[in-house]
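1. Generate coordinates for the sequence data below:
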Amino acid sequence: MADKPTIRFATENDVPTILQFIKDLAIYENALHEVEATHDSLLRTLSFPSTPAKTSGTYTLLITPPSDPTTTTPPQPAGMALFFYNYSTWRSAPGIYLEDLYVTPEQRGKGYGFALLRRLAEEVVKVGGKRLEWSVLRWNEPSIKFYESVGAVGMEEWMKMMVQGEALGKLADVGS
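-> This is a model prediction of the structure:
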């Protein structure tokens, strides 16, 4: 329907938009200085419907508002969900890990974040998966309240861990 937003898989042509959304999200999280993504690195590492999955099989859904009948300018994407497929050994089933959910400030409150989460839940069900998961910063109270409103629960007993930078090189025994 023309009065509903459209959700589609991003293509290679959408990489500039994806990169801008990544930077906008990093600004919101006061972490722009940590963004290493570039147009070329995203082209190398993201997967698109027209290309075979790369090392991570990471995809992006873009949501675009309905067309405005008063203008001939096509609407620009209002947000994205960048995700990859994962696997639960205990459930013996695939799932989806949502890396980033972002809706531009001027488009928030219109149900676009919910629509993207719903589309991801549909994808989990489609592949026979059992869970959709993501991380959220503890200080991001608006997002936490939104996620709880759709039925998400915090995993208090689990602590997220990661190895990066110099520690990753050391663990991989690179350069020693």
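
2. Strand partners (parallel or antiparallel) of the helix or strand harbouring residue 95?
-> When elements are assigned from DSSP states H and E, residue 95 belongs to strand 93-103. In its sheet, strand 93-103 lies beside strand 79-88 (antiparallel), strand 131-134 (parallel), with partners assigned from DSSP bridges.

3. Just the buried residues of stretch 14-27, please?
-> By neighbour count on 16 or more other Cβ atoms under 10 Å, the buried set for stretch 14-27 is 14, 15, 18, 19, 21, 22, 24, 25, 26. Yep, even glycine has a C-beta here, placed from its N, CA and C like the rest.

4. which residues of the protein score low on pLDDT?
-> The model of the chain has pLDDT under 70 over residues 1-2, 53-56, 175-176.

5. please redo it, this time with the cut-off set to 50
-> When residues are selected by pLDDT under 50, those of the chain lie in 1.

6. if you go through it in chain order, where are the helices?
-> 15-28, 39-45, 112-126, 141-149, 165-171 (DSSP state H).

7. Alpha carbons only: can I get the fourth one in CSV?
-> As requested, the backbone C-alpha atoms of helix 141-149 are provided in CSV (Å, rounded to 0.1, in the frame of the first residue of the first chain):
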residue,chain,number,x,y,z
GLU,A,141,16.8,4.3,28.4
PRO,A,142,14.5,5.3,25.5
SER,A,143,15.7,2.3,23.5
ILE,A,144,15.5,-0.1,26.4
LYS,A,145,11.9,1.0,27.0
PHE,A,146,11.1,0.6,23.4
TYR,A,147,12.6,-2.9,23.3
GLU,A,148,10.8,-4.0,26.4
SER,A,149,7.5,-2.7,24.8
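
8. Now do that helix: distance to the chain's middle.
-> Between the mean C-alpha location of helix 141-149 and the chain-wide mean there is a distance of 16 Å, by Cα atoms, centre = their mean, to the nearest Å.

9. Same question for it: list its buried residues.
-> Residues of helix 141-149 classed as buried: 146, 147 (neighbour count, 16+ other Cβ under 10 Å).

10. And the contacts of that helix?
-> Counting by Cβ atoms under 8 Å, 6 or more residues apart in numbering, helix 141-149 makes contact with 113, 114, 134, 136, 137, 138, 154, all of which sit outside it.

11. try 6 Å
-> For helix 141-149, the surrounding residues in contact (Cβ atoms under 6 Å, 6 or more residues apart in numbering) are residue 136.
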